[in-house]
Structure formats: C-alpha cells, structure tokens
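*Asks:* Sequence and computational prediction follow.
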Amino acid sequence: MFTQTDLLDTQPATTQGTQLRRLWLLAGGLLIAHIVMMFGGLAFERTPILGDSTQAQSAALVHSPMTQVFAGGYVETLSFLTLLVALIAFARLLRGRTEVSRLWASAISATGSCYVAITIACGFAAGAAAMYDGHHGAPLPTVIAVNDVRNFAYFLSVAVLGLLVLCIALAVRTSARLPRWVARAGYIVAAFCMASVPAERHGVMDLANMVAIAWLIALAVVAIRHGRRLAAA
C-alpha cells in the first residue's frame, strides 16, 4: 500500500504530466485557431498584388469599404499573435534533452518572432497605411508604392516561414517527441518555401505558402493527438 509520503512524492510528477498534456493540446489548438482566424480575416480584405492594373489597385485601395477591410486586417493580426504564442509553446515542448534539440527549439521562438514581426509591422502596417491614404486623397501612385511595401514584406516573410518550418522539423527530429514523418515533410516544405521567393515570377509563392499552412495543420493535429495519448496513458 502507498503511504502518505509516497503519494506526496508522486504528486509533482503527476502535476507535471498533466501540465505537459495540456500544453500539447494548447499548442495544437492555438495553431489551428491561427489558421482559422487568418482565413476569416482574409475574407474581408482586398489586397492588390504586385503588377495588378491601375484600375484594380484603385478599386482595392481607394474605393473599397475601409471599415470592413480594417476589421478583417485586425482579425488577421490577432491570428498572428495567436501563432506567436503557439510557436513559443512548441519551442517549449520540443526542447528535448540534448543541446542540439534545445538549440533548434530556441530557434523556433526566434524565427517565429521574426516571422510575426515582418508580417504585422511591415506587411499589415504598410497595407493599412496604403488603404488609409487612398481613402484620404493621397495620389494613386503614392498609394500603390506604399502597398508595394506590403507585397515585398510578404515575399520576404515566405522565406522566413521556410526557415521556421525547418527549425520546427529539426527540433522534432532531434527531440524525438513527434513522429519522424513530420520532420521529413517539414524539410520538403521548408525547401519549397525558400525556393519560391526567387521563383515568384512563375507564381509559385502562394502555392508554397499554402503547402506550409497544410503542414502546420498536420503539425497541430499530431500535437493534439499526442496530448490525448498522454492523457490516456
């Protein structure tokens, strides 16, 4: 039979296991929430891409409903803040027991912070400024130039996204906390994202971004299933 001392000795380990299980579920849930909120915000936005006609850019930046677009942009901003918390949680979960695994786990936090900063501070801020200026009498060439900052910020963010996926894949591989296929698929996705930036003239960057999002969804599902297995155990 267990004595009171035995129960007290096992309580911290039980509490730690419960927190670890909840953290896996939280990380996966936040990652899915980010993707759902991001696409929900995109549904209300009108962002012209680089090379669109003057008429298309005028319709999107000057004559579109500014309140609706700003509301969608704010939801999308919240989604990337959610992503930042999710990435910090994954960095904690994938630390492993070796210095190499801890290195890649730390790189997840650093690269994720860089990715979110580029997206919000450069991309969203420039897009909002272009929309605001377009609705307040700024010359159309100036509005288009400001919006191009958003477009180029998006191009660079895809390269950082590739590095982020690579860091997660390497952390998964070195920590052995998740199945190996997650890491192997991550290597391919990371290479695709990084190669798509100089190949944007062929229109592959959006495809690479969608492939990375699909990989993140798979990562979230695996994390949630892993947390549930820990609960069953």
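*Replies:* Yep, it's here.

*Asks:* which regions of this structure sit below the pLDDT cut-off?
*Replies:* For the chain, the stretches flagged by pLDDT under 70 are 1-14, 231-233.

*Asks:* Can you pull up the most central residue in it?
*Replies:* residue 83 (5.1 Å; Cα atoms, centre = their mean).

*Asks:* got the contact list for residue 83?
*Replies:* 30-31, 34, 112, 116 (Cβ atoms under 8 Å, 6 or more residues apart in numbering). Placement of C-beta: from N, CA and C, glycine included.

*Asks:* redo that, cut-off 7 Å
*Replies:* Residues near residue 83 by Cβ atoms under 7 Å, 6 or more residues apart in numbering: 34, 116.

*Asks:* How about residue 37?
*Replies:* Residue 37 touches 75, 78-79, 82, counting by Cβ under 7 Å, 6+ apart.

*Asks:* For it, identify the helix or strand it belongs to.
*Replies:* If you go by DSSP states H and E, residue 37 is part of helix 4-42.

*Asks:* which is the next helix or strand following that helix?
*Replies:* Next along the chain from helix 4-42, counting by DSSP H and E, comes helix 54-61.

*Asks:* Buried residues in the helix or strand that that next one is followed by, which are they?
*Replies:* On the C-terminal side of helix 54-61, the closest following helix or strand by DSSP H and E is helix 66-93. Using 16 or more other Cβ atoms under 10 Å as the test for burial, helix 66-93 gives 66, 69-70, 72-73, 75-80, 82-91, 93.
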